[in-house]
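Undergrad: pasting the structure only:
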């Protein structure tokens, strides 16, 4: 969302259409007819048939349903299914808020704080004036120290987030969120959702996402919309009109960091760590494919050679997996020394390939850097092609042991470097060690 759009949301107090889809879901009713009507209203809303949805929610709202009253306020505010009418919108929000709907009350308060007269009038109707307290003698008190300004807090919060000091980042973003900064509200929701810098609490997370979304934060709107869509699918599967509050983590909930140290500037996104980047979704992929290239060390009477391999892996969990590999360890390597001992003056080439299966252990050093250890068995075969003595072939099996370092460029692409040692490869005396690099695709 651009700066212009962000400021527009703030000063018009417009409830985004995407937020409507996330929030306008009826909770349940005492009458059987209302229950059926709620199902039809929700179905129309999911299909974005706002005219039908408005008419059905209108009936429910007249029956006194607080959620339906909130929905009418949103329709009037956004001009969906009905002509836009802010006065009518805030009247319906007030009716809903009077029955305890916290979202409706929040919208009224935000609009009133920004100077909307209709919202102020409706808010005054539903909020009783406090009784006057008896006069008390004034006691001198120490003035509280001034709180850090918003720009300073934002700078410190971004610095803490960049350093992955989530405790410090959470406290500073919380202070900004309480001052009404929409990006900070989104970040506080993400911290609660991921359990970073604070104990994980999905209810608190979505309360902060809702506050941010109400101010037009595009990512918060997306989080709420996705969560509501999942809950609506569950509700439809059960053939019930109820749509409980979101309880599953949204994949998009990653803390944001300001591109500049200005609280009103547009924001970009960073992935603070593995726990936030992949929280709510798997931090590892089940399957992987790869291609490797390297150099095979010299064995007795055979020169070293370039190598080529194909890899396929399957992860049992985030630490353990299995990997199947085919490797062409030697291809047309010079075998003249080996042949000349038996057939003087004869020249030839040596080829060696291996198929192996190994267990693989992964130890994560960070969100994108891991150590890998392989231990398994291989079956290898070789062939010597002699210009003067014909061909000779053989095969054998043994152990394969490997150690590697893997760096993940993205969630799907990684690079790997290390070694594999094959014992008694191809029936030859001694071990064969291959050192190389591999490109890995995970899915």
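TA: Done, it's in. Note that the coordinates shown come from a computational prediction; the quantities given were computed from them, not determined experimentally.

Undergrad: measure the closest residue to residue 327 other than its chain neighbours to residue 399 for me?
TA: Distance criterion CB to CB, 6 or more residues apart in numbering; nearest residue to residue 327, sequence neighbours excluded, is residue 309 at 3.9 Å. Bear in mind the C-beta positions are built from the backbone N, C-alpha and C, glycine included. Distance of residue 309 to residue 399, computed by CB to CB, to the nearest Å: 17 Å.

Undergrad: the more surrounded of these two?
TA: residue 309 (21 against 15; other CB atoms under 10 Å).

Undergrad: Please tell me the pLDDT value assigned to that one.
TA: pLDDT for residue 309: 93.

Undergrad: now the strands: where do they sit in this structure?
TA: For the chain, the strands defined by DSSP state E cover 256-258, 267-269, 287-296, 305-315, 320-334, 348-364, 369-386, 390-408, 413-423, 431-442.

Undergrad: Could you check how far residue 375 is from residue 419?
TA: 13 Å.

Undergrad: The two: which is more packed in?
TA: The residue with more neighbours, out of residue 375 and residue 419, is residue 419; 15 against 12, by other CB under 10 Å.

Undergrad: For that one, give the beta-bridge partners.
TA: Beta bridges link residue 419 to residue 403, residue 435 when assigned by DSSP bridges.

Undergrad: my read: it touches residue 434, true?
TA: Yes - using CB atoms under 8 Å, residue 419 is in contact with residue 434, at 6.5 Å.

Undergrad: circling back: pretty sure residue 328 is one of the things the residue nearest to residue 327 touches, is it not?
TA: Yes - at 7.0 Å, residue 309 and residue 328 qualify as touching, with contact defined as CB under 8 Å.

Undergrad: what residues are up against residue 153?
TA: By CB atoms under 8 Å, 6 or more residues apart in numbering, the residues touching residue 153 are 172, 175-176.

Undergrad: Distance-wise, check residue 228 relative to residue 84.
TA: 23 Å.

Undergrad: Looking at those two, which is more packed in?
TA: residue 228 (22 against 13).

Undergrad: Could you list the low-confidence segments of this protein?
TA: Flagging of the chain using pLDDT under 70 yields the residue ranges 1-33, 127-148, 232, 234-284, 338-339, 341-343, 345, 367, 388-390, 425-430.

Undergrad: longest helix of it?
TA: Taking DSSP state H as the criterion, the chain has its longest helix at helix 218-237.

Undergrad: Mind giving me the packing neighbours of that one?
TA: helix 17-23, helix 32-46, helix 182-194, helix 202-214 (3 or more CB pairs under 8 Å, 6 or more residues apart in numbering; DSSP states H and E).

Undergrad: So which of those helices is nearest residue 318?
TA: Among those, helix 182-194 comes nearest to residue 318, with 16.5 Å by CB to CB.

Undergrad: now for the closest one, which elements pack on it?
TA: Short answer (3+ CB pairs under 8 Å, 6+ apart): helix 182-194 packs on helix 150-162, helix 166-178, helix 202-214, helix 218-237, strand 256-258, helix 274-277.

Undergrad: chain center to it: distance?
TA: Distance of helix 182-194 from the chain centroid (CA atoms, centre = their mean, to the nearest Å) equals 13 Å.

Undergrad: again, but for stretch 70-81
TA: Distance, stretch centre to chain centre, for stretch 70-81: 31 Å (CA atoms, centre = their mean).

Undergrad: residues in contact with the most far-flung residue of the chain relative to its centre?
TA: Note on the chain: the largest C-alpha distance from the chain mean falls to residue 344, namely 66.2 Å (CA atoms, centre = their mean). Applying CB under 8 Å, 6+ apart, we find residue 344 in contact with no residue.

Undergrad: Could you check how far it is from residue 337?
TA: The gap separating residue 344 from residue 337 is 11 Å, by CB to CB.

Undergrad: Over to residue 47?
TA: Here the distance between residue 47 and residue 337 works out to 78 Å (CB to CB).

Undergrad: How about residue 408?
TA: As defined by CB to CB, residue 408 lies at a distance of 43 Å from residue 337.

Undergrad: quick one, which of those two is more surrounded?
TA: Higher neighbour count among residue 408 and residue 337: residue 408, with 21 against 12, using other CB under 10 Å.

Undergrad: hey, what's that one bridged with?
TA: Taking DSSP bridges, one obtains residue 414 as the residues bridged to residue 408.

Undergrad: how about it, what does it touch?
TA: Residue 408 neighbours (CB under 8 Å, 6+ apart): 367-370, 414.

Undergrad: Likewise for residue 167?
TA: residue 197.

Undergrad: Over to residue 191?
TA: 166, 169-170, 173, 197-198, 255.

Undergrad: cutoff 6 Å now
TA: Residues in contact with residue 191 (CB atoms under 6 Å, 6 or more residues apart in numbering) are 170, 197-198.

Undergrad: So what's the residue count around residue 366?
TA: Residue 366: 11 neighbours (other CB under 10 Å).

Undergrad: how close does it get to residue 416?
TA: Per CB to CB, residue 366 is found 15 Å from residue 416.
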